[in-house]
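[1] starting from these lines, generate the structure:
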Amino acid sequence: MAIIRPIFRIFDYKKAVEFYVDWLGFEILDEHTFEENSPLYIRILLEGIEIHLSEHHGDCSPGAKIIIEGFVGLKDYHQKLIQKNYKYNKPGIEKAFWNEKIYCVEVIDPFGNKIIFIGE
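    Numbering: from 1, shown residues only. Here you go, the predicted model:
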């Protein structure tokens, strides 16, 4: 089975950690840089979902979008996000237009990348 690993462009380590780790709840799997003060590459994980974050200009462009389908417990996850009171993002939760039993939550990171969580 093939696995897709999306890469999001980031520009600020502290803001990336605040958004992805402190707010969304991802854990850092590892970080890599070739030398001090060179661009950083980070792998993060949440509920089996792995995303790569890169400061390297050639890896990707800011403003990407991914869809995470089948997110289990999305309504509860949304409530946890709202309760954390992250001042830069207050996502809503909406029923999917194609199925009233499915919900969607969209978040936008500090670098313009979007994640759409879809689940029940």
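
[2] burial of the closest residue to residue 114 other than its chain neighbours, as a residue count?
    Using Cβ to Cβ, 6 or more residues apart in numbering and skipping the chain neighbours, the partner closest in space to residue 114 is residue 65 (4.1 Å). Glycine gets a C-beta too; all of them are placed from N, C-alpha and C. Burial measure for residue 65: 13 neighbouring residues, criterion other Cβ atoms under 10 Å.

[3] also the one 10 residues further on?
    Taking other Cβ under 10 Å as the neighbour definition, residue 75 ends up with a count of 11.

[4] that one against residue 94, yeah?
    No: contact criterion Cβ atoms under 8 Å: residue 75 and residue 94 do not qualify, at 11.4 Å.

[5] what sits in contact with each of those two?
    For the pair residue 75 and residue 94, residues contacting each of them under the criterion Cβ atoms under 8 Å, 6 or more residues apart in numbering are residue 103.

[6] how close does residue 26 sit to residue 58?
    Look at residue 26 and residue 58: by Cβ to Cβ, to the nearest Å, they are 24 Å apart.

[7] which of the two has more neighbours?
    Per other Cβ under 10 Å, whichever of residue 26 and residue 58 has more neighbours is residue 26, with 22 against 8.

[8] give the contact list for the more buried one.
    Counting by Cβ under 8 Å, 6+ apart, residue 26 has contacts 20, 44-46, 51.

[9] if we go to 7 Å?
    Contact partners of residue 26, counting by Cβ atoms under 7 Å, 6 or more residues apart in numbering, are 20, 44-46.

[10] now it: closest residue in space that isn't a chain neighbour?
    Nearest non-adjacent residue to residue 26, counting by Cβ to Cβ, 6+ apart: residue 44, 3.9 Å away.

[11] other SSEs contacting the helix or strand containing that neighbour?
    In the assignment (DSSP states H and E), residue 44 maps to strand 41-46. Taking 3 or more Cβ pairs under 7 Å, 6 or more residues apart in numbering; DSSP states H and E as contact, the helices and strands that strand 41-46 lies on are strand 27-32, strand 49-54.

[12] dump those strands into CSV; add mean pLDDT as well.
    What follows is the helices and strands packed on strand 41-46, written out as CSV (pLDDT from 0 to 100):
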stretch, mean pLDDT
strand 27-32, 96
strand 49-54, 96
